[in-house]
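K.L.:
quick one, structure for this:
(chains A and B)
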Amino acid sequence: MKNTELGQVFASIADLMEILGADPFRINSYRKAGRAVVDLAEPIEDVTAAGELQKIPGIGKSTGAKIDEYLKTGKVAAHQELLGKVPPKLPEMLAVPGLGPKTVAKIWKEAKITSLGELEDAIESGAASLAEVPGFGPKRMRQIWESINFMKSVGGRMRLGEARQLADELTAFVSKIPGAKKVAAAGSLRRGKETIGDIDLLCQATKAAAPKIIERFTKSPGVQRVLAAGGTKGSVVLDREVQADLRVVPAASYGAALAYFTGSKEHNVRLRELAVKAGMKLNEYGLFKGDRRVAGKDEPGIYKALGLQFVPPELREDRGEVQAARAGKLPDLLELEDIRGDLHVHTDWSDGVETIEAMAAAAQKRGYAYLAICDHSKSQIQANGLDEKRLAEQVQAIRKLAKTLKGFTLLAGVEVDVFKDGRLDFEADVLAELDFVVASAHTALSLGAKEATRRLIRAIEHPRVRCIGHPSGRIINGRPGMELDIEPVARAAAANGVALEINSHYYRLDLRDVHVRAAIEAGARIVINTDAHRAEELGMMRFGVLTARRGWATAADVINTCSVGALRKWLAA
DNA sequence: GCCGTTTTCGGCCCGACTGTTTTCAGTCG
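P.N.:
Model prediction:
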């Protein structure tokens, strides 16, 4: 599956063209094509073989031919040609915040600097060649120097759960600044993306109060460096090497600013295109017809004025949501409140830290109707996995407790290991004693698409398996996991009455958003579990639900929105 | 280079902030 590789080729083409000063619209086309390929759930090889490349929005004749060429030869001639025109390490400079293509081209051509390392050396030694480049005053030099250091210290994007906590703290702080009315986190955090680049905060206040609020924000605890501080916008780097931006807007513009700041950029571009076609203009202050503001104080008003259904933040990725909203065909997305239970949690019988009783009590406290205890199987030795004997004992303990619980259903399950070849860690007769069987791969997670798909399908076809846990096995910012060809996996799941899990832990979020959508389209049911190893981790459900919403899931697509009766019926089927 | 409920050609989103090239280009989101 070469989707990611191809995405990188297109991104590289775009970077090189930018440095060389090509037409910005053509550059944008390559960026779009790259994103389209990466977002695709199916292997690009299959789409190519089916002759359907140009059906992908953003892929046309030229980019389609380049995909074909790459799959046949492993290279794109036009890309190679561009690479020959630019020093090989020059594009890495584009990753430095504040360094764009124009500047990179200038320091290459005028100061003969060809890599990030050389740039650092030149700044450090105060090289005359660099100081003579027009636009390189002492402040700019210092800014770039700090940016390079910032870049080195940041380990990429934060995970969703980490960003959520940081944003909550910042929001609480800004809310207390005098004059601040509403404060909300926007950006990719509000869209529920699996990783977050920086924290975007929005604040409602009068124009008069805005500069003071920005000033206070730049002096809030944990601020290490101020990147920008104007009359309505401030930008800081926090101690945790995270950038946070605050924008202050008046009430009449709050909704427009929230939409603008929530993004995605690509979604916003779509909205503005629609506005222009309707003879209007959309910016962060509102939707305008001439000088008259027709919408802006809240988000729904803007979508309505553009002739669209309200688009929930999680869908704003330019993946067809604007077209669907125009046709009135957006899905009625699942809500956190729809979740009636959790079907994959651990206890101190394996590597969890709490008792069966404690987990059941915590689930009841959350208002759930059911919970399935699914501890590890015997091959998970480091996790104190259960062998046949201990599993039988645990089932007894669960059944005994279950009888004492009023209005709450406690199910006996297991998370059985799926071996490399798709066989399971327990025999079928052992699994037959359980109410619910989650099958998960924990080892050999670097399998390619073909083997991984075969492995999971074999597990799916096992008569006792009802759920595939964290299907790819990826760890966000940790390991990529198995390459999944989601369509055949989802079709097999649908045919065998097996649900595919969205593991809600923010380290996993697996299935990922685009796979969720493809799985549902292929007819599969989803189950959203927390895989909690302690009671408070049941709260991770919110991240799983966000991921499901990003995958266009409705409550009907998700097994654990069912009543106990419906769940039992599904289990008996 | 892509795309079409006005178009197969001619468009293609919008504004804040910074540093410095004294009137704006570059970058970012």
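
K.L.:
can you pull the pLDDT of A:R142?
P.N.:
With respect to pLDDT, A:R142 scores 84.

K.L.:
next one: A:G156
P.N.:
The per-residue pLDDT reported for A:G156 equals 69.

K.L.:
check whether A:G98 really touches A:I144, as I assumed.
P.N.:
Yes - between A:G98 and A:I144 there is a contact at 6.3 Å, judged by C-beta atoms under 8 Å. Just so you know, the C-beta spots here come from the backbone N, C-alpha and C atoms, and that holds for glycine as well.

K.L.:
neighbour count winner among the two?
P.N.:
A:I144 (22 against 13; other C-beta atoms under 10 Å).

K.L.:
identify each buried residue in the host helix or strand of the more buried one, please.
P.N.:
Using DSSP states H and E, the element containing A:I144 is helix A:138-153. Of the residues in helix A:138-153, A:M141, A:I144, A:S147, A:I148, A:F150 count as buried by neighbour count, 16 or more other C-beta atoms under 10 Å.

K.L.:
spit out the contact partners of the second one.
P.N.:
The neighbours of A:I144, taking C-beta atoms under 8 Å, 6 or more residues apart in numbering as the test, are A:V96, A:G98, A:L99, A:L119, A:I123.

K.L.:
closest to DNA strand B among these?
P.N.:
Using C-beta to the nearest atom of the strand, A:G98 comes nearest to DNA strand B of the contacts of A:I144, at 4.8 Å.

K.L.:
now do the contacts for A:N3.
P.N.:
A:N3 neighbours (C-beta under 8 Å, 6+ apart): A:V37, A:V38, A:L40, A:P43, A:I44.

K.L.:
how does it look with 10 Å?
P.N.:
By C-beta atoms under 10 Å, 6 or more residues apart in numbering, the contact list for A:N3 reads A:36-45, A:47, A:67, A:449, A:483.

K.L.:
care to break chain A down by domain?
P.N.:
Domain ranges of chain A: A:3-83, A:90-153, A:158-249, A:260-326, A:336-572, per automatic domain parsing.

K.L.:
got TSV for those, with distance to DNA strand B too?
P.N.:
Below are the domains of chain A laid out as TSV (distance: least, C-beta to the nearest atom of the strand, whole Å):
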stretch	distance to DNA strand B
domain A:3-83	3
domain A:90-153	2
domain A:158-249	2
domain A:260-326	4
domain A:336-572	18
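
K.L.:
pull the distance from the helix or strand hosting A:V276 to the chain's centre.
P.N.:
Assessed by DSSP H and E, A:V276 sits inside helix A:265-277. A distance of 22 Å separates the centroid of the chain from that of helix A:265-277, by C-alpha atoms, centre = their mean, to the nearest Å.

K.L.:
which residue ranges form the helices in the stretch 351-500 of chain A?
P.N.:
All helices of the stretch 351-500 of chain A, identified by DSSP state H, counting those that start in this stretch, fall at A:356-365, A:388-404, A:428-431, A:449-460, A:486-496.

K.L.:
export those helices as CSV, with columns for mean pLDDT and mean neighbour count.
P.N.:
Below are these laid out as CSV (pLDDT from 0 to 100; neighbours: other C-beta atoms under 10 Å):
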stretch, mean pLDDT, mean neighbour count
helix A:356-365, 97, 19
helix A:388-404, 96, 15
helix A:428-431, 94, 16
helix A:449-460, 93, 21
helix A:486-496, 96, 21
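
K.L.:
one step back: same for the helix holding A:V276, what does it pack against?
P.N.:
Secondary-structure packing of helix A:265-277 (3 or more C-beta pairs under 10 Å, 6 or more residues apart in numbering; DSSP states H and E): helix A:24-39, helix A:254-262, strand A:281-283, strand A:286-289, helix A:299-305, helix A:321-326.

K.L.:
neighbouring contacts of the fifth one?
P.N.:
Looking back up the chat, that one is helix A:299-305. Contact partners of helix A:299-305, identified using C-beta under 10 Å, 6+ apart, comprise A:254-260, A:262, A:271, A:274-275, A:278, A:280, A:282, A:286-287, A:289, A:293-296, A:298, A:308-313, A:322, A:325.

K.L.:
list the buried residues of that helix.
P.N.:
So, applying 16+ other C-beta under 10 Å, buried residues of helix A:299-305: A:E299, A:G301, A:I302, A:Y303, A:A305.

K.L.:
got the CA coordinates for it in PDB?
P.N.:
C-alpha atoms of helix A:299-305 as PDB (Å, rounded to 0.1, in the frame of the first residue of the first chain):
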ATOM      1  CA  GLU A 299     -21.900  29.200  13.400                       C
ATOM      2  CA  PRO A 300     -25.300  27.800  12.500                       C
ATOM      3  CA  GLY A 301     -26.300  31.200  11.100                       C
ATOM      4  CA  ILE A 302     -23.300  31.200   8.700                       C
ATOM      5  CA  TYR A 303     -24.100  27.700   7.300                       C
ATOM      6  CA  LYS A 304     -27.700  28.600   7.000                       C
ATOM      7  CA  ALA A 305     -27.000  31.800   5.100                       C
END
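
K.L.:
hang on, the earlier thing: relative to helix A:24-39, how tilted is the helix holding A:V276?
P.N.:
130 degrees (axes from the mean of the first three to the mean of the last three C-alpha atoms, to 10 degrees).

K.L.:
quick check: mean pLDDT across helix A:265-277?
P.N.:
91.

K.L.:
quick one: buried residues of it?
P.N.:
So helix A:265-277, judged by 16+ other C-beta under 10 Å, has buried residues A:E266, A:H267, A:N268, A:R270, A:L271, A:R272, A:L274, A:A275.

K.L.:
spatially, which residue comes closest to A:R474, not counting chain neighbours?
P.N.:
Nearest residue to A:R474 in three dimensions, chain neighbours excluded: A:G481, at 2.9 Å (C-beta to C-beta, 6 or more residues apart in numbering).

K.L.:
equivalent analysis for A:Y70, please.
P.N.:
If the residues on either side of it in the chain are set aside, A:Y70 comes closest to A:V76, at 5.2 Å by C-beta to C-beta, 6+ apart.

K.L.:
the one you found against A:Q8, yeah?
P.N.:
No - between A:V76 and A:Q8 there is no contact under C-beta atoms under 10 Å: 11.2 Å.

K.L.:
more neighbours, those two?
P.N.:
Neighbour count, other C-beta under 10 Å: between A:V76 and A:Q8, A:V76 has more, with 22 against 14.

K.L.:
show me what the helix holding A:V276 is in contact with.
P.N.:
A:28, A:31-32, A:35, A:58, A:191, A:259-264, A:280-284, A:287-289, A:294-295, A:302-303, A:305-308, A:311, A:313, A:315-319, A:321-323, A:325-326.

K.L.:
ok, now stretch A:87-99?
P.N.:
Stretch A:87-99 has contacts (C-beta under 10 Å, 6+ apart) with A:11-12, A:14-16, A:18-19, A:83, A:100-101, A:103-105, A:107-108, A:112-119, A:140, A:143-152, A:154, A:198, A:227, A:237, A:243.

K.L.:
out of those residues, which are buried?
P.N.:
A:11-12, A:14-16, A:18-19, A:101, A:103-105, A:107-108, A:113-116, A:118-119, A:144, A:147-148, A:150, A:154, A:198, A:227, A:237, A:243.

K.L.:
could you list which of those belong to helices?
P.N.:
When DSSP state H defines the helices, the subset of the buried ones among the contacts of stretch A:87-99 inside them is A:11-12, A:14-16, A:18-19, A:101, A:103-105, A:107-108, A:116, A:118-119, A:144, A:147-148, A:150.

K.L.:
quick one: residues contacting the closest residue to A:E194 other than its chain neighbours.
P.N.:
Among residues not flanking A:E194 along the chain, A:L509 sits closest, at 4.8 Å (C-beta to C-beta, 6+ apart). By C-beta under 10 Å, 6+ apart, the contact set of A:L509 is A:159-161, A:192-195, A:470, A:474, A:476, A:502-503, A:516, A:540, A:543-544, A:546-548, A:550.
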